[in-house]
Structure formats: structure tokens, C-alpha cells
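> Have a look at this prediction, sequence included:
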Amino acid sequence: MSTPAFSIRNQIRCLGVALACLALSGCDEKLSDLTGPTPNLKPTFASIQDQIFQSSDSSGRSPCVGCHQPGGSAGGILNLRPEVAYNNLVNVSSRQKPGTLLIAPGDPDNSYLIHKVEGAAGIGGLRMPRNGPPYLTEGQILVIRTWIRNGANNN
């Protein structure tokens, strides 16, 4: 039966995330070490908007708004421009996976945005960014996970 393996996998993931959160809460110098090509990235919506959605990074990753804006190649499905991104993400149902929120505050494991940037099994379409690699690094994703776990505030 797959349930015990799933439980063990979730326990290991939770332990890893908990350890990473401890590292994130330690000091800003360690945070910049984790975030690699975006050393100024912080677990706030404003920082994620600026450093991930709006900007490319030193790895060569494209900004999300290159596609996710009106007229972009994503066809306007998800507009991540600063004036609308928060309201288009938090507590909003996914069009690709009905019954799943794009951002479920407090619950990064059940947030479809995390599934898309991690390339999780069962996602609709491709891993984001669609033109990757490069994709977001584990550290960048960890910062987004931390923001979601902390309640996905509009800060």
C-alpha cells in the first residue's frame, strides 16, 4: 500500500522544511546563501513579487511576468503584474487543477504554485518557468514556501 511510503516521504519533507526554516530564521546572511541568484529575496510578498515575478536573476531565469501578464504567452491565464498578482494568487482556485488553491495560506504543500515551480507529479502543463531551465532554485522555492507557511500575507 502506498500510504505508509507517502507518510514517510511527507515526514522527511516536513523535517527538511523545518530545518530550513530554522536556518531562515537564524540570520539574513544565511538567507542570502540559500537564495543563490536572488541574494536579496525575503519571505514577503513584496520581495517575491520584485525578485521572482518581476525580475530575472543571475542564473538567467526569465521573469514570470514575461509570460504571466495580459498579452503574454500564458494568454492572460494568470496575471502576475504587481497591481493584481496578490489577488490573483492567494485563496484563488487553480484552473489547471480544480479543487486546489494557487496559494493556500499556511499550507505550501497544498499550494498549486509550489507544485508548478517544483515540477511535481500531476501538474497540468509544464513546470514553471515554462522556458526553463533554469528553474527556481531550492532556496528560492523555500523562501516562497516560508512566506506561504507564514500565512501568505500581503506584505
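That came through fine. Residues are numbered from 1 along each chain as shown.

> from memory Pro63 sits against Gln51, does it?
No - the pair Pro63 / Gln51 is not scored as a contact, 9.6 Å apart, by CB atoms under 8 Å. Quick note: C-beta positions are derived from backbone N, CA and C, even for glycine.

> Tell me which of those two has more neighbours.
For Pro63 versus Gln51, neighbours defined as other CB atoms under 10 Å are more numerous around Gln51 (22 against 17).

> That one looks like it's in a helix, true?
Yes - per DSSP: H, G, I helix; E, B strand; the rest coil, Gln51 lies within a helix segment.

> And the pLDDT for it?
Listed pLDDT for Gln51 reads 96.

> Tell me the spacing between it and Gly36.
Gln51 is 11 Å from Gly36, where distance means CB to CB, to the nearest Å.

> Quick one: the strands in this structure, in order.
With DSSP state E, there are no strands along the chain.

> Please enumerate the helices of it.
3-26, 28-34, 45-48, 85-89, 112-118, 138-149 (DSSP state H).

> ok, and what's touching the last one?
Outside of helix 138-149, the residues within contact range by CB atoms under 8 Å, 6 or more residues apart in numbering are 17, 20-21, 24, 31, 33-38, 41-45, 47-48, 52, 103-108, 111, 113-114, 117-118, 136, 153.

> Swap in 7 Å and give it another go.
For helix 138-149, contacts defined as CB atoms under 7 Å, 6 or more residues apart in numbering pick out 17, 20-21, 24, 34-36, 38, 41-45, 48, 52, 103, 105-106, 108, 111, 114, 117-118.

> Same check on the fifth one?
The set of residues that contact helix 112-118 without belonging to it, under CB under 7 Å, 6+ apart, is 89, 94, 97, 100-103, 108, 123, 127-128, 135-136, 141, 144-145.

> among these, who's most crowded?
Highest neighbour count within those, by other CB under 10 Å: Leu136, with 26 neighbours.

> chain center to stretch 52-63: distance?
For stretch 52-63, the gap between its own C-alpha mean and the chain's C-alpha mean amounts to 13 Å (CA atoms, centre = their mean, to the nearest Å).

> got it, and stretch 59-72?
Centre-to-centre, stretch 59-72 and its host chain are 14 Å apart (CA atoms, centre = their mean).
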